[in-house]
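Novice: One predicted model, sequence on top.
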Amino acid sequence: MAQLPSLLGLNREQLAAALAELGEQKSFRTSQLQEWIWKKRVTDFEQMTNLPPDLRRQLASRYSIMPLQVVEQHRSQSGSATCKFLSRLLRDDELIESVLIPAAVGKDGDRSNRVTLCVSSQVGCAFGCRFCASGLLGLKRSLTTAELIGQIFAAESLACHRVDNLVFMGMGEPLANIDNLLPALHLITDPSFLAIGARHITISTSGHVQGLARLKTCGIPVRLAVSLHGATDDVRSQIMPVNRRWPLSELLPALENWRRHSKHIITLEYILISGVNDDPQQSEHLVNIARRLHAKVNLIPYNKVERLPWERPEEDVCRRFCHELINHGIPCTFRYEKGHDIDAACGQLRRRRISSPAKSDKISE
Ligand code: SAH
Ligand code: SF4
């Protein structure tokens with residue numbers, strides 16, 4: 001049976017309209033339903049005990065709440081407590097992955113209780129970055145607003161804790177799914193829905209200039225991370241086809257414009273790939289770009305993807321690259337990926353599952 005429309009994608013007016021269609025006009029019913037779902041995170045109509053049984057039955061016959069089901073979990077063995085989970089989308093059995101990072105260890109070694117979730121925005125990705133497992137898949141489809149939010153509900157139930165920080169760094173290009181992303185951001189930040197502050201939300205983009213303009217005008221002050229991975233057009237175009245559509249001459253002015261309107265500094269993500277983008281010329285150009293944008297740089301040693309030729313550079317090459325930036329006054333973080341042992345880079349877990357059918361129950365390919 002096809003999945004019934006999920007209520008997780010609806011704002012207050014839309015919830016009220018859904019109830020009105022069932023003949024329920026009273027606004028306190030909307031408040032009750034909203035409270036069950038968004039304050040109590042109840043995803044089963046039967047448990048909504050202050051709604052009349054007949055209304056619960058009618059809701060259940062027309063709507064669903066959770067649009068996905070967790071089918072696999074992988075906990076990191078490295079002690080980071082990272083948990084990557086794979087979800088089956090009930091609408092068409094497609095698989096997506098999300099990563100739960102339960103607690104960051106503070107500078108003095110203490111663990112804060114904050115939970116960060118890395119969400120996927122699409123099934124696969126149309127952008128085809130040469131190094132990325134999601135890019136290899138091509139785009140299957142974009143996630144609906146309810147499916148974006150459903151990942152947060154699923155994570156909270158796995159972690160037994162509310163999600164505090166959100167990063168859109170899973171599968172897909174969030175700004176290529178802006179039509180569903182913007183309503184999701186409204187629901188996520190609305191104090192009477194998920195109430196996660198915009199400053200706790202980071203959108204990562206490969207440089208979708210058009211989507212960036214729409215994100216800017218929506219008025220939700222999220223943080224921005226940009227997957228740069230090459231500091232000149234020739235290197236960037238070699239590994240990121242998106243650079244041919246929006247080369248640095250278009251991307252950098254768009255980012256300057258973003259910076260002028262944002263309270264937060266931009267993060268430039270830079271994966272170090274051996275022999276591709278790890279030479280001193282690239283670090284010099286990267287210094288200039290970071291200076292121009294007043295950005296910080298997050299250096300990430302490449303996470304090997306099965307059947308792709310790319311390798312991470314030796315650690316001393318990474319360190320040299322990092323010192324080059326720091327010596328020029330660019331704030332720079334360099335870390336070995338948390339959860340490296342559970343294929344933390346986007347698209348890798350799904351890819352492994354679809355290429356080992358013996359392990360899977362429902363496979364869409
Ligand atoms: N499409 C968006 C968000 C998803 S990718 C974007 O590209 O920004 C999230 C991050 O993971 C990006 O910086 C991406 O370049 C990086 N990534 C992809 N494959 C990787 C790999 N094999 N190793 C390390 N990082 C990877
Ligand atoms: Fe898509 Fe981002 Fe992967 Fe590029 S890095 S293919 S934009 S998910």
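Specialist: Perfect, I can see it now. Ligands and ions are numbered 1, 2, ... in the order given.

Novice: So which residues on the stretch 151-300 of the chain come close to ligand 1?
Specialist: 169, 173, 204-206, 227, 229, 269, 271, 300 (CB under 6 Å from any ligand atom). C-beta coordinates here come from the backbone N, C-alpha and C atoms, glycine included.

Novice: filter these to the buried ones?
Specialist: Buried members of these, scored by 16 or more other CB atoms under 10 Å, are 169, 173, 204-206, 227, 229, 269, 271, 300.

Novice: which among those residues gets closest to residue 180?
Specialist: Of all these, residue 173 has the smallest distance to residue 180: 12.4 Å, by CB to CB.

Novice: Starting from residue 81, give me the distance back to that closest one.
Specialist: 28 Å (CB to CB, to the nearest Å).

Novice: Buried ones in stretch 155-166, by neighbour count?
Specialist: 155-156, 158-159, 163, 165-166.

Novice: Same question for stretch 231-251.
Specialist: 231-232, 235-237, 239-243, 246, 248, 251.

Novice: Among those residues, which lie within helices?
Specialist: 235-237, 239, 242-243, 248, 251 (DSSP state H).

Novice: Pipe those residues into a markdown table and attach pLDDT and distance to ligand 2 per row.
Specialist: Formatted as a markdown table, those follow (pLDDT from 0 to 100; distance: CB to the nearest ligand atom, whole Å):
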| residue | pLDDT | distance to ligand 2 |
| --- | --- | --- |
| 235 | 98 | 15 |
| 236 | 98 | 11 |
| 237 | 98 | 13 |
| 239 | 97 | 9 |
| 242 | 98 | 6 |
| 243 | 98 | 11 |
| 248 | 98 | 16 |
| 251 | 98 | 13 |
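
Novice: For ligand 1, state which of the residues you listed is nearest.
Specialist: Nearest to ligand 1 out of these is residue 242 (CB to the nearest ligand atom; 8.4 Å).

Novice: Relative to residue 126, how far out is the closest one?
Specialist: 9 Å.

Novice: now swap in residue 305 and tell me
Specialist: Residue 305 is 18 Å from residue 126, by CB to CB.

Novice: More neighbours: the two, which one.
Specialist: Set residue 305 next to residue 126 and count neighbours by other CB atoms under 10 Å: residue 305 wins out with 20 against 17.

Novice: burial of the residue nearest to that one when sequence neighbours are not counted, as a residue count?
Specialist: Closest residue in space to residue 305, ignoring its immediate chain neighbours: residue 133 at 4.9 Å, by CB to CB, 6 or more residues apart in numbering. By other CB under 10 Å, the residues close to residue 133 number 25.

Novice: Next: the one 4 residues further on.
Specialist: Other residues within reach of residue 137 by the criterion other CB under 10 Å amount to 21.

Novice: One more: residue 98?
Specialist: Quick note: residue 98 (other CB under 10 Å) scores 24 neighbours.

Novice: pretty sure it is in contact with residue 84, am I right?
Specialist: Yes. Counting by CB atoms under 8 Å, residue 98 does reach residue 84; the two are 7.4 Å apart.

Novice: show me where pLDDT drops low in the protein?
Specialist: Scanning the chain for pLDDT under 70 picks out 1-2, 78-80, 103-112, 336-365.

Novice: dump the residue contacts of the most centrally placed residue in it.
Specialist: For the chain, the residue nearest the mean C-alpha position is residue 168 (2.1 Å; CA atoms, centre = their mean). When the contact criterion is CB atoms under 8 Å, 6 or more residues apart in numbering, the partners of residue 168 are 118-119, 121, 174, 181, 201-204.
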